[in-house]
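Asker: Sequence and predicted structure are below.
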Amino acid sequence: MQFFKNLFSKPLTSTLTITSSNGFHLRPVAKFVSEAKKFDCDIQAIYHKQAVSAKAVNALLSLGLEKGDHFLIEFKGKDAPQAQEKLTHTFLALMQEDKEVEKNINTTHSYRGKIAKGESIYQGIAIAPLYHYTQKEVYQESDATFQGSVVHAVSILTERYEAHHPSDTADIYLAQKELLLQLSAQAQDIETFSELIETEIQTLKGTTLESKAVDYQDLLRLVKSNLGYSYHTALPSEAFILVADDLLPSDIAQLEKSSVQGVILKQSSLTSHTAILLRASGITSLILPATILDTSEQVILDTYAAVLVSQPLAEDLENAKRVKASYEKEAIQLQAKRFEAAQTQKQKTIHVYANVTDVPSATLAKESGAEGIGLLRTEFLFTKKKPTLERQTKAYADIFSLFDDITVRTLDIGGDKALPYIPLPQEANPFLGIRGVRLFQSHPEILEEQLHAIFLAAKGKAIKIMFPMVSSVEEFTHAKAFALEVAHKYQLQSDAILFGMMIEVPSVLFALEAFDAVVDFYSIGTNDLLQYLFAIERTHPTLKVDTLSPVIFTALSHIVKHVTKPVSICGELAANTEAIPTLIELGYTTLSVTPKSVAQTKETIRHV
Ligand code: PEP
Ligand code: MG
C-alpha cells in the first residue's frame, strides 16, 4: 500500500541555481552524485525539458550547467523528503566551496604587477629573484696544444659539414670552419685566440649581425674543450627562479640539490623531456617564450594561473603567499589518501603506476603511493659518464627490489635525448632518425651491456622489458631475440621475463593484430604518439600539439579495442585530470604517471 502511495504521490522538487562561474563541473558533480546515491528514492535533474538521473556523473555533466542556469531536482520515493533536504544543502555547500577556489584563482588573475602569460609545466607558486642560466668554465690540466686543438676543432666541423651536406646547416659549419682557420692563423695560443674572438663579438654588437656572436662563442668553446676546459651550470646559493632557453637532464639533477624556487623555460613544450623531468622533480615551472626578463628582479611565478608577475606590488606578494598556503593545504589532504586504492564511482579499480628515472625517483614513487613502475626511463640513469656493468646492475637491482610489478625500458636516446658517451650521427631530422629500438642495429654493444645488467639484476624475477619506438613487428622480434641471446650468452635466467613495447609510432596502430601475436604487453607513449600523428616536434618552440585533440582519443579507442594483451598509458596524458575520465571510459585500467602526480591522479579517478 505504502509502495503505491509513493508511486502515485507528487514528487518533491527543488530549483537550484549555479552560482559558481566554473559551472557544475566534474568535482562538485561527483560529490553531489555520491551523496544522491545514499538515498533509495528516484532523483532526476531536469534542465530545458531534458531529464537525467542525478545519480550518474556523466548524465549530470551532460546537462552542461553553467553559471546563472537554474535547474530542477525531482525526488520521488520513500525517503524523498530527507533526500531533498540533504541534497539541497550539499548543493549550496558545493557552490560555496567552488567559489572559494574561484576566489583564489581570481586572486592570482588579479595581480597588479606586470603579467606575462605562459604555459604551466608544474603547478606551484614561487617568489624569488630571477637568475639567468649561465655556465661556469672549469679547467683540468691537459697536455693538448693550441695548434692540436685547432686541428681537432677543424676536423669536428668538417664532420658536421659532411653529415649535413647539402643544407643550410652544412653551410653554417663550413662558415665556422673558415672563420676558425682565419682567426687561428692570427693567434699563437688560446689567450690571443680568445682576445680575437672577443674583439669580433664586440664589433658585432648593435649591428644586425649581433646574433652571430654565438657562432664565435661556439668556436672558442670547441677549441677550449680539447684543451681541458669544461662547462658547468653555475647556480646561486640564495633562493632564485631560473630563466633558461632549455636545460640539460644533468642541469635538472643539479637544480634539485640547489635553492631553486622555480624555472622559466623560453624554448620548450609540455611534452619535451626537459618538461617531463621538471615535473618529476616537482619544480614550479612555466614555458614563457620570447620574453625579456630583468635579472635579479624579485618576481612571482604563479603556475596555477600560468603567469609570471614582474614588478609585483606588496598586495600581490601577500595574495600569492595566501594562495600558495591554501593550495598546500589541499595538497596535504590529497597526500593523506595516496596509499588507498583508486576506485571510480562505479567501484571500478584503476591502477596507478609511476614513471621513474633512477633509484631516488623509484623510492619517491614508493612513498607517493604508486602500485608499481609502469616506465623506467633508463636513459636518465647515467647522464654524464658511461656506467660500468656493476654500477648499472646495482641501480637496476635497487629499483627492482622496491615493487613487484616493474617495466624497464631499454635505452631510448636520440631525438631530444642524448648521452655524451654514446655518439650519434648528426641528422637533419633526429626525431625521425636513430632513436629507441633502432639502437639495437646501430649500437648493439651498448644494448648488450644494458640487457646483461638487467638480467643480472632481475635474478629470475618476473620483470617486464619494454622496447621503445617500435615501428614494425620485425623490430620487436629482432630486439626480443637479441635480448634472449644476451641472457643465453651470459647463462642468465630469462624464462619469467615478459617482453613488451611502447605504442608511440602511428604505423603500429595499423598492425595491432600482428603485434598482438608476439608481444606480452604494451604501454602507450602519448607524448611521441601525438608528435608523430601531428608531425609536430615535441620540442618545437612555437608549434604546439593540442594534447586533448579528439584524434588522440580516437587512436586510444582503436588501440584498446584491437589488442588482447595488457595495455597501459605512460605518456603525460595519463596524468591529465581533464583526460582521465575519458581514458577510463575508453577502457584503460592502468595509468603510469610521474611520482608527484600519483595522489592527484588517484583522487581524480575517485570522482569519475
Ligand atoms: C612517450 O613518448 O609518451 C613516452 C612515455 O616516452 P618518452 O616521453 O620517454 O619518449
Ligand atoms: Mg616516447
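Answerer: Received, thanks. Numbering: from 1, shown residues only. Ligands and ions are numbered 1, 2, ... in the order given.
Asker: gap between Leu16 and Val57?
Answerer: 17 Å (Cβ to Cβ, to the nearest Å). Where you see a C-beta, it was placed from the backbone N, CA and C, and this is true even at glycine.
Asker: cool, and Gln202?
Answerer: According to Cβ to Cβ, Gln202 stands 65 Å off from Val57.
Asker: ditto for Lys596
Answerer: 26 Å.
Asker: hmm, back to that, Gln202 and Val57 - which one has more neighbours?
Answerer: Val57 (20 against 10; other Cβ atoms under 10 Å).
Asker: List the residues that contact that one.
Answerer: Residues in contact with Val57 (Cβ atoms under 8 Å, 6 or more residues apart in numbering) are Leu26, Val29, Ala30, Val33, Gln345, His607, Val608.
Asker: And Asp245, by the same measure?
Answerer: Asp245 sits next to Tyr133, Leu265, Lys266, Gln267 when contact means Cβ under 8 Å, 6+ apart.
Asker: Check Phe193 too.
Answerer: Counting by Cβ under 8 Å, 6+ apart, Phe193 has contacts Phe146, Leu183, Ser184, Ala187, Leu220, Val223.
Asker: Compare these and tell me which is most surrounded.
Answerer: Going by other Cβ under 10 Å, Val223 tops these with 26 neighbours.
Asker: Only the buried residues of whichever strand or helix holds it, if you could.
Answerer: Assigned by DSSP states H and E, Val223 falls within helix 213-225. Using 16 or more other Cβ atoms under 10 Å as the test for burial, helix 213-225 gives Ala213, Asp215, Tyr216, Leu219, Leu220, Leu222, Val223, Lys224, Ser225.
Asker: what about Tyr139, how many neighbours?
Answerer: As a burial measure, Tyr139 scores 10 neighbours (other Cβ under 10 Å).
Asker: Tell me which residues touch it, please.
Answerer: By Cβ under 8 Å, 6+ apart, the contact set of Tyr139 is Gly228, Tyr229.
Asker: Do you know the pLDDT at it?
Answerer: At Tyr139, the model reports a pLDDT of 85.
Asker: From ligand 2, how far off is it?
Answerer: 38 Å (Cβ to the ion, to the nearest Å).
Asker: Just the helices from the stretch 501-608 of the chain, written as ranges.
Answerer: 512-516, 526-534, 550-562, 580-586, 598-606 (DSSP state H, counting those that start in this stretch).
Asker: hang on, Phe380 packs against Thr357?
Answerer: Yes: counting by Cβ atoms under 8 Å, Thr357 is a contact partner of Phe380 at 3.8 Å.
Asker: ok, what's across the strand from Val260?
Answerer: Note on Val260: beta-bridge partners by DSSP bridges are Phe240.
Asker: list the contacts for it?
Answerer: Applying Cβ under 8 Å, 6+ apart, the residues contacting Val260 are Leu235, Ala239, Phe240, Ile241, Leu242, Ile283.
Asker: rewinding a little: and the helix holding Val223, what's its mean pLDDT?
Answerer: For helix 213-225, mean pLDDT is 81.
Asker: what are the phi and psi values for Val52?
Answerer: Recorded main-chain torsions at Val52 are phi -130, psi 160, according to degrees, to the nearest 10.
Asker: Need the per-residue pLDDT for Leu26.
Answerer: Looking at Leu26, its pLDDT reads 74.
Asker: mind checking how far the closest residue to it other than its chain neighbours is from ligand 2?
Answerer: Distances taken as Cβ to Cβ, 6 or more residues apart in numbering place His607 nearest to Leu26, at 6.1 Å, with adjacent residues excluded. Taking Cβ to the ion as the measure, His607 falls 29 Å from ligand 2.
Asker: who touches His607 in this structure?
Answerer: His607 neighbours (Cβ under 8 Å, 6+ apart): Leu26, Arg27, Ala30, Lys31, Val57, Gln345.
Asker: Would you mind listing what in the stretch 501-608 of the chain touches ligand 1?
Answerer: Within the stretch 501-608 of the chain, the positions near ligand 1 by Cβ under 6 Å from any ligand atom are Glu504, Gly525, Thr526, Asn527, Asp528, Cys570, Gly571.
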